[in-house]
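# Got a sequence here, can you build the structure:
(chains A and B)
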Amino acid sequence: MNKKNPLFSFFSSVKLALFTLFLLAVTSIIGTVIPQKESIEWYIQNYSETTARIFQVLSIPDMYNSWWFLGLLSLLAINLIVCSIDRFPGVWKQIKADNLATDPKRIRKMRLSSSWQSNKTEESLATDISNSLASNGWQAAQRKHDDGLLLFAQKGAMTRTGVYIVHASILVIFIGAIIGELYGFKGSVMLPETQATSRFFQTGTGKSIDLGFTVRCDRFDIEFYDSGMPKAYRSKLIVLENDKVILEKDIVVNDPLTYKGITFYQSSYQGYEDFLLTVTNQESGNVQTVALPFQQQQELSSHQARIGIINAEAMGQTITRMKVWFQDDEGPASTFWINSGEQVTVERTGKKYTVAGKQMYATGLQIAKDPGVWVVYIGCGLMILGLFVAFFLSHKRIWVLLTKEEDETTVRISGSANKNKVGFEAIFSSLASDLETKTK
Amino acid sequence: MDSSQLLGITTFTYMFSTILYAAIFIFKAKKLGPAATIFTVVAFLIQTAGIILRWQESYALGYDHAPLTNMYESVVFFAWTIIFIYLIIEWKFKTRIIGAFAVPFALLAMAYGSFSTEITKEISPLIPALQSNWLIAHVVTCFIGYAAFAVAAGLGFMYLIKNMSESRQTTNDETIIGTLPPLKVIDDITHKTMVFGFLWLSVGIITGAIWANSAWGTYWSWDPKETWSLITWFVYAITLHARYTRGWGGTRIAWLAIFGFVSVIFTYYGVNFLLSGLHSYGSN
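Below is the predicted model of the structure:
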């Protein structure tokens, strides 16, 4: 790569990175102050005709997807790539450097350095020192030099890649987001109890999309705290393929259902004025559920019976109890109250039934498919790993030089670390004094 | 004894610690040092007990959640984390002067929680959206980040004060300012605290994204809270890059530490009260 190319040096510069980050930070504020994704009429009403027109020209109503914001993100991505291409080879050279070829003069001049005399031979010292270093977790290699024997040990050489892991992680997150944008979708559906659907509406475009299978909601419930605050919204969802039940799950907020990469999230609900009645024959176990409006009756074909709602009580929009009319093939009709969401036993001539009743709801489901989400998560994991390595781990190096002088050997130990120099100083001095006592 | 009493006591004890640390700084009353530390540690323990008790009370009420779910609980936890980080710095760097700049943040948070009429102290049950195992991970990681940035801002102030008087050339060991650590040391601790905060803020944003995805099917929706957390992340990313690659230090970094904390406060507090969005349940 030609590093004198002005375009290359422009895209690899840290100034550009700082500038892009600054612009991203400042422009991001706009979308937190001006509400996003409203209709043009809304902006005209809340600002003015001219302002709304300007907003539209600058894509302010959907600024985080606008050409200029995506452009800034692309600039950041290019900057990250070019800057890494520019710098990484140099860092890799440092990681792979032959530290046994280090000039002894440099070793003697290092800031962290200490030396002493020993009357042992170079060879026996080398063995002693290697063993002693090894017991502290330092694996030393050695090589003969003109003026003696050099031992070298290092820890955390790969930690020099930390910054590049962080940079790469941002690109991985971008790739995940693009995959989601290209191959995923988001949508929603309002599904009444007992009903099924194999289509839903895409968010934004309103396009009807085919799921490729059918999903049915058998039941929707709201649980309340004593204070009246909602405690849980629960939908019983059934996945069907060719009328066969494939999967069954009760979903609540924070616990969705996933099938074939498509996930269904509990997001809202709607109450109806209709009722949902489930009748079970206690002997035969026959079950049938019907949805019916207020003050109407309907046939229960599997029980040869009819059922209807003749009265109901409500608190606001929520039905609290209902009076049910029920008649099978023998005897006069029975009428009884059921608290919404509960069940009663009804005794008829020779037969016993369980009748459960509740207000009918539709469950609001958020539907999403995002094949890029795991790529994004891998990117997030890499980012945390990279930040940890870049901030808290360092490349520590130790050289031990043995030089023969008359009948004595000079032991010289030097060391350096690229980060956390204070911490390394402590490690170094304890290591040096340990070696000194063992070799003197 | 209930949790609100314990947390009330905490507020007053942090007030005493603040006064003691301020006295060490202003009157050079070094003898008060151990007392300041002991007071702070005791307040910290009382607060820890208060938080645990509040957690138990939530279980007794049948709500079963960690005390991290509304504005009051979050300011209490914010104060707790600031003191936790400060005590680590005091122990690691062996200096008490920083207390005069860090402990007041915890006092402010506790005082706001205790005396503000805008926020409720009641333990309330969790709405369905907040019932998630990600709640604790998300809130704790974010607040470790926020608290570290608060301490870094305190250190930034300290740097600027010391730097101002040094440039007037009045400093010697006899003056108040003289008792402050050398500029280089303050600069170093500020930087390390910001680095620590940046890591935790990143984890906080990521856990939030994972939670959002499991609740709504979108890991990022550019809602004001998310966007502001990202703006804050950008501010600290700029600061760290300026330092690593352009050699920024001293006054500039001190200002950035303060400026970054303004962004943190807006993310934490401003968004809830001034803007609307998914995190609006955090506002009462």
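
# List the residues that contact the closest residue to residue A:275 other than its chain neighbours.
Spatial nearest neighbour of residue A:275, chain neighbours left out: residue A:309 (5.1 Å); criterion: CB to CB, 6 or more residues apart in numbering or on different chains. The way it works is simple: take the backbone N, C-alpha and C, and place the C-beta from them, glycine included. Counting by CB atoms under 8 Å, 6 or more residues apart in numbering or on different chains, residue A:309 touches A:275, A:277, A:292-296, A:322-325, A:357.

# And for residue B:22?
residue B:100.

# Please enumerate the helices of the stretch 151-284 of chain B.
B:183-216, B:224-246, B:250-265, B:271-274 (DSSP state H, counting those that start in this stretch).

# will you turn those into CSV that also has distance to residue A:304, mean neighbour count and mean pLDDT?
Formatted as CSV, these follow (distance: least, CB to CB, whole Å; neighbours: other CB atoms under 10 Å in any protein chain shown; pLDDT from 0 to 100):
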stretch, distance to residue A:304, mean neighbour count, mean pLDDT
helix B:183-216, 46, 21, 93
helix B:224-246, 58, 21, 93
helix B:250-265, 70, 20, 94
helix B:271-274, 60, 17, 78
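
# For residue B:79, find the nearest of those.
helix B:250-265 (13.9 Å; CB to CB).

# my guess is residue A:104 contacts residue A:402, does it?
No - under the criterion of CB atoms under 8 Å, residue A:104 makes no contact with residue A:402, lying 10.5 Å away.

# neighbour count winner among those two?
residue A:402 (24 against 17; other CB atoms under 10 Å in any protein chain shown).

# Residue of the stretch 301-440 of chain A nearest chain B, please.
residue A:368 (3.3 Å; CB to the nearest CB).

# Tell me who's in contact with the nearest residue to that residue once chain neighbours are set aside.
Nearest residue to residue A:368, sequence neighbours excluded (CB to CB, 6+ apart): residue B:217, at 3.3 Å. Shown in contact with residue B:217 (CB under 8 Å, 6+ apart): A:186, A:256, A:263, A:265, A:366-368, A:370.

# please redo it, this time with the cut-off set to 7 Å
Contacts for residue B:217 (CB atoms under 7 Å, 6 or more residues apart in numbering or on different chains) come out as A:186, A:263, A:265, A:366, A:368.

# got it, and residue B:57?
Per CB under 7 Å, 6+ apart, neighbours of residue B:57: B:2-3, B:123.

# For PyMOL, what selects the buried ones among the residues you listed?
In PyMOL syntax, the buried subset of these is picked out as below (16 or more other CB atoms under 10 Å in any protein chain shown):
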select buried, chain B and resi 3+123
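
# Tell me which residue in chain B sits closest to chain A.
Counting by CB to the nearest CB, chain B gets nearest to chain A through residue B:217 (3.3 Å).

# Can you give me the pLDDT of that residue?
Per-residue pLDDT puts residue B:217 at 89.

# In a helix, residue A:240, correct?
No - counting by DSSP: H, G, I helix; E, B strand; the rest coil, residue A:240 falls outside a helix, being strand.

# Quick check: closest non-adjacent residue to it.
Closest to residue A:240 by CB to CB, 6+ apart is residue A:214, at 4.3 Å.

# Give me the neighbour count for that neighbour.
Residue A:214 - counted by other CB under 10 Å - has 17 other residues nearby.

# Alright, that wraps it up for me.
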